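Asks: Curious how this folds, go ahead:
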Amino acid sequence: MSESEDDIDQVVRNIPPQDAFNFVEKNHDDPDFVLLDVRTPKEFSRGHIEGALNLDFYAEDFQEQLEKKDRDKKYLLCCGSGVRGVKTVAIMQDLGFTNICNILGGITMWKAMDLPLTQE
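Replies: Below is the predicted model:
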């Protein structure tokens, strides 16, 4: 990994897909870990990271839905190319979330690195 996992737990950062994969593997059984996919439901249905929760960035109540999330949990964000993820990080920071990671390049880069996706 390019950065220690302890560092990832402490601050908001953008991480490459391989590091994100390792982070998911390490935390998938942790009840305080949330993998949040902010693509549309249609995009999500075409393939997503196993265990991801879909929250549509374009939904009218997107920020309201984020406001209901537990600020003490650690979040890994995923979108199509990384842009919505970066925007979501900014919104979450404004809402008081502190433990957020965003996958650089989103699902596009995840797929390019041949990392696993599911349609279930």
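Asks: For this protein, which segments count as strands?
Replies: Ranges of strands within the chain are 13-15, 33-37, 53-54, 74-78, 100-103, based on DSSP state E.
Asks: Give me the mean pLDDT for stretch 99-109.
Replies: The average pLDDT within stretch 99-109 is 96.
Asks: Do me a favour and get the end-to-end distance for it?
Replies: The first and last residues of stretch 99-109 sit 22 Å apart, counting by CA to CA, to the nearest Å.
Asks: wait, Lys69 sits on Leu53?
Replies: No - using CB atoms under 8 Å, Lys69 makes no contact with Leu53, being 9.3 Å away. Where you see a C-beta, it was placed from the backbone N, CA and C, and this is true even at glycine.
Asks: which residues do the two both contact?
Replies: Val34 (CB atoms under 8 Å, 6 or more residues apart in numbering).
Asks: Between these two, point out the one with more neighbours.
Replies: Per other CB atoms under 10 Å, whichever of Lys69 and Leu53 has more neighbours is Lys69, with 16 against 13.
Asks: distance of the more buried one from Glu120?
Replies: 23 Å (CB to CB, to the nearest Å).
Asks: Now do stretch 57-66: everything it contacts.
Replies: Val38, Arg39, Thr40, Leu55, Asp56, Cys79, Arg84, Lys87, Thr88, Ile91, Met92, Leu95.
Asks: try it again with 6 Å
Replies: Val38, Leu55, Arg84 (CB atoms under 6 Å, 6 or more residues apart in numbering).
Asks: And it, what's buried?
Replies: Buried residues in stretch 57-66, counting neighbours by 16 or more other CB atoms under 10 Å, are found at Phe57, Phe62, Leu66.
Asks: Output those as CSV; include the columns distance to Asp114 and pLDDT.
Replies: Below are the buried residues of stretch 57-66 laid out as CSV (distance: CB to CB, whole Å; pLDDT from 0 to 100):
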residue, distance to Asp114, pLDDT
Phe57, 25, 98
Phe62, 30, 98
Leu66, 31, 97
